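[1] Okay, structure incoming, though there's no sequence with it:
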């Protein structure tokens, strides 16, 4: 397992200028506080920013998983949990920015249709998080996404619940990601590489009536 | 070149009427959009139109930035937005279209 102090990939997270630019002037901490306050009072600079909305949705999903892990059985493992959670947070922060423009085909010569790389990373992260007992850590699109037909490789890092069959889960995740890419992009996918970089402990199930 | 530009807020309405479009973001550059949004909120004035229209020598250029709701394919919604704008602009035959740019900025 990854140690608590070791993120999936090293990034210069002190680069506050970059962070501010791609979250419409907000930090990931401010977005987290906004969620804590139940998005009140409404802040249009957050609500009207697609990058902030992508980051907020990812934060919400991560919080749901965190809540399920908060049981007495695994509190002793909180340091380890904090390690991968922090790593996921770092990637949510870095990947919410709009990034490159990915063309969408249209026969009209006046059409300039694109989906942003940030939107695609956001939907891939959401799709991956919907696969049970998987949390997406990093998501990257390798290749010239701005060139129609160019072969693109999707590289995903994920954390998986301990005890799961890793090859089977990877296959399930890959299938879900292919379907999402087919729905939302015209990309020519050469491969989807999945690396399971971390394990997290299975949430404790509540005791049954007979066990009480 | 035309003397009358189509109202941007009516283009906004046409875009939002497309099934699958659940948000319309400012298509202006980020800094401009943040300042405009903040000013709208501070002064309690109606939100500015999100669509950007620019008339150039080559004709009218239109830019919109959308969010696509859950359960819709972004590629299909994006094409339908382009087509809805094209239909809307038929009401302004004096405007020659140079470019219709549609950006999907968020999905689901």
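    Noted; the coordinates are in hand. These figures come from a predicted structure and were not determined experimentally. Residues are numbered from 1 along each chain as shown, chains lettered A, B, ... in the order given.

[2] any idea how far residue A:66 is from the most centrally placed residue in chain A?
    The C-alpha lying nearest the average C-alpha coordinate of chain A belongs to residue A:125 (Cα atoms, centre = their mean; 3.7 Å). The span separating residue A:125 from residue A:66 equals 16 Å under the rule Cβ to Cβ, to the nearest Å. C-beta here means a position set from N, CA and C on the backbone, and glycine is covered the same way.

[3] tell me the strands in the chain, going along the chain?
    No chain in the question, so chain A it is. A:101-104, A:111-116, A:134-142, A:151-161, A:188-200 (DSSP state E).

[4] ah, no, chain B please
    In chain B, the strands defined using DSSP E lie at B:21-25, B:52-56, B:59-68, B:97-107.

[5] Where does pLDDT dip in chain B?
    Filtered on pLDDT under 70, chain B yields the residue ranges B:1-5, B:29-49, B:55-56.

[6] Could you report the distance from residue A:45 to residue A:86?
    Separation of residue A:45 from residue A:86 (Cβ to Cβ): 26 Å.

[7] before we move on, back to that, so which of the strands of chain B gets nearest chain A?
    strand B:97-107 (3.6 Å; Cβ to the nearest Cβ).

[8] circling back: I'd like the strands of chain A written out as a markdown table, with mean neighbour count and mean pLDDT added.
    Formatted as a markdown table, the entries for those read as follows, by neighbours: other Cβ atoms under 10 Å in any protein chain shown; pLDDT from 0 to 100:
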| stretch | mean neighbour count | mean pLDDT |
| --- | --- | --- |
| strand A:101-104 | 21 | 96 |
| strand A:111-116 | 23 | 95 |
| strand A:134-142 | 22 | 90 |
| strand A:151-161 | 20 | 93 |
| strand A:188-200 | 17 | 91 |
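
[9] Pull the number of nearby residues for the spatially closest residue to residue A:49 that is not a sequence neighbour.
    Distances taken as Cβ to Cβ, 6 or more residues apart in numbering or on different chains place residue A:24 nearest to residue A:49, at 3.8 Å, with adjacent residues excluded. If you count neighbours by other Cβ atoms under 10 Å in any protein chain shown, residue A:24 ends up with 24.

[10] My read is that residue A:24 contacts residue A:53, right?
    No. If you go by Cβ atoms under 8 Å, residue A:24 and residue A:53 don't touch, sitting 9.9 Å apart.

[11] Turn the strands of chain B into TSV, columns for distance to residue A:198.
    Compiled in TSV, the strands of chain B are given as follows (distance: least, Cβ to Cβ, whole Å):
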stretch	distance to residue A:198
strand B:21-25	33
strand B:52-56	43
strand B:59-68	31
strand B:97-107	26
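
[12] Make JSON lines from the ones you listed and add mean neighbour count and distance to residue A:132 to it.
    Output for the strands of chain B, formatted as JSON lines (neighbours: other Cβ atoms under 10 Å in any protein chain shown; distance: least, Cβ to Cβ, whole Å):
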{"stretch": "strand B:21-25", "mean neighbour count": "19", "distance to residue A:132": "26"}
{"stretch": "strand B:52-56", "mean neighbour count": "15", "distance to residue A:132": "42"}
{"stretch": "strand B:59-68", "mean neighbour count": "23", "distance to residue A:132": "25"}
{"stretch": "strand B:97-107", "mean neighbour count": "23", "distance to residue A:132": "21"}
